[in-house]
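Engineer: predicted model and sequence below, questions to follow.
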Amino acid sequence: MLHDTRAGRLHRFARAASLEETWMKATAPAALVLAGIVFSMLSPYFATWRNVNGMLADAAIPVLLAVGMTFAVMLAGIDLSMAGTMALASVVFGLSYTAGWGLALSCLLSIGVGLVVGVVNGLFVGRVRIPDMIVTLGTMGLVQGIGLIVSRGIPVPVSDPVLQAVASSSLGPFRYNFLIVVLVVVVLHVMLTHMPVGTHLLSVGDNVEASKAMGLRVPRVKLIGYLVCGAMSGLAAVFMVLYVGSTQPATNTDYVMKAVAATVLGGTSLFGGRATIWGPALGAVLLTVVQTGLTMAGVEAFYEPAVVGVVVLAAASMMRGRR
């Protein structure tokens, strides 16, 4: 009788956990569909292909930052330095391009800046064992300061025909920038779900001590997670220059809050150990859809940060107590 009772409890627990997992994975797609229906009713121009294609292109930077942030959050951490890294990377991109180093090398240098910041974050979090929030808060101020000092706070114009083509041209029905981001998401999805490093990242995020007992090098695994964060910040800087046409030494820190919101909306556990790549990507698209929809519905832009804040609190509440 006791055995049957325990078996029944385990069965109910497993079933509840499965339902909870399914619900978390379905949150972003369901909310995206609901938002599309609501805003289509509010504005006749919302559901046009021109607007939809524009929203997908606008979501490129939020998607890159969200999937990058996912690699920190799955480790039960966070990367507050992503916006500052993006600013410094854009400055390096602009200075190297205007110096005549070419577009390809400038892009690599931008991503390289992100990797350097990722190494610093990963080493301090993994090796020195300083809390991730303190480390990334410090590097945020450091990289923002370096970017402002180097650029004197002055944006550098960047005009390149290849960048302009990527920003405005299409392959079939989709713009090139959207297709590039989809390719990046696919690569990270394969890395997380079909490579040992993905298993190691999730294992460390779920239980550090158990991961050590299995022989995993926890500091190295954490370094990899923050390297991916940094690389996505550097790549996002290229897209920012592509959109704006100049470097941005003082990037809006709202990017970080939106990245966290998209990550948790996509089903990544704030306690670590559970993550997907497509979920946060859809979460970033959802936030872009909400922003565009509110604008087309005549809602002032001042309300947008409040909406994102509500999203973060709601998603965090849904995960209360999850381990």
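Structural biologist: All right, it came through fine.
Engineer: who's in contact with the most centrally placed residue in the chain?
Structural biologist: When CA atoms, centre = their mean is applied to the chain, the residue found nearest the centroid is A66 (1.3 Å). Taking CB atoms under 8 Å, 6 or more residues apart in numbering, we find A66 in contact with K258, A259, A262, T263, G266, P280, A281, G283, A284. Just so you know, the C-beta spots here come from the backbone N, C-alpha and C atoms, and that holds for glycine as well.
Engineer: try S159
Structural biologist: So S159 contacts G245 (CB under 8 Å, 6+ apart).
Engineer: please, which helix or strand holds it?
Structural biologist: Using DSSP states H and E, no element contains S159; it sits outside every helix and strand.
Engineer: how far away is it from A210?
Structural biologist: 53 Å (CB to CB, to the nearest Å).
Engineer: distance from the strand or helix carrying A66 to the middle of the chain?
Structural biologist: If you go by DSSP H and E, A66 is part of helix 60-73. Here helix 60-73 is found 1 Å from its chain centre; the criterion is CA atoms, centre = their mean, to the nearest Å.
Engineer: ok, then the element right after it?
Structural biologist: Later in the chain than helix 60-73, the nearest helix or strand by DSSP H and E is helix 82-98.
Engineer: following that next one, which helix or strand shows up next?
Structural biologist: The first helix or strand that comes after helix 82-98 along the chain, using DSSP H and E, is helix 103-126.
Engineer: which strands and helices sit next to that next one?
Structural biologist: Helices and strands touching helix 103-126, by 3 or more CB pairs under 8 Å, 6 or more residues apart in numbering; DSSP states H and E, are helix 82-98, helix 132-151, helix 218-244.
Engineer: show me what the last one packs onto, helices and strands only.
Structural biologist: Read that as helix 218-244. Packed next to helix 218-244, using 3+ CB pairs under 8 Å, 6+ apart, are helix 60-73, helix 82-98, helix 103-126, helix 161-168, helix 176-194, helix 196-206, helix 208-213.
Engineer: just say which of the ones you listed is most tucked in.
Structural biologist: Mean neighbour count (mean count of other CB atoms under 10 Å) peaks for helix 60-73 among these, with a mean of 30.
Engineer: could I get that one in PDB with only the CA atoms?
Structural biologist: Taking Å, rounded to 0.1, in the frame of the first residue of the first chain, the C-alpha atoms of helix 60-73 are listed here in PDB:
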ATOM      1  CA  ALA A  60      17.000  40.900 -35.300                       C
ATOM      2  CA  ILE A  61      18.800  42.700 -32.500                       C
ATOM      3  CA  PRO A  62      16.400  41.600 -29.700                       C
ATOM      4  CA  VAL A  63      16.600  38.000 -31.000                       C
ATOM      5  CA  LEU A  64      20.400  38.000 -31.000                       C
ATOM      6  CA  LEU A  65      20.600  39.400 -27.500                       C
ATOM      7  CA  ALA A  66      17.900  37.100 -26.200                       C
ATOM      8  CA  VAL A  67      19.500  33.900 -27.400                       C
ATOM      9  CA  GLY A  68      22.800  35.200 -26.100                       C
ATOM     10  CA  MET A  69      21.300  35.900 -22.700                       C
ATOM     11  CA  THR A  70      19.800  32.400 -22.700                       C
ATOM     12  CA  PHE A  71      23.300  31.000 -22.300                       C
ATOM     13  CA  ALA A  72      23.900  33.000 -19.100                       C
ATOM     14  CA  VAL A  73      20.400  32.400 -17.700                       C
END
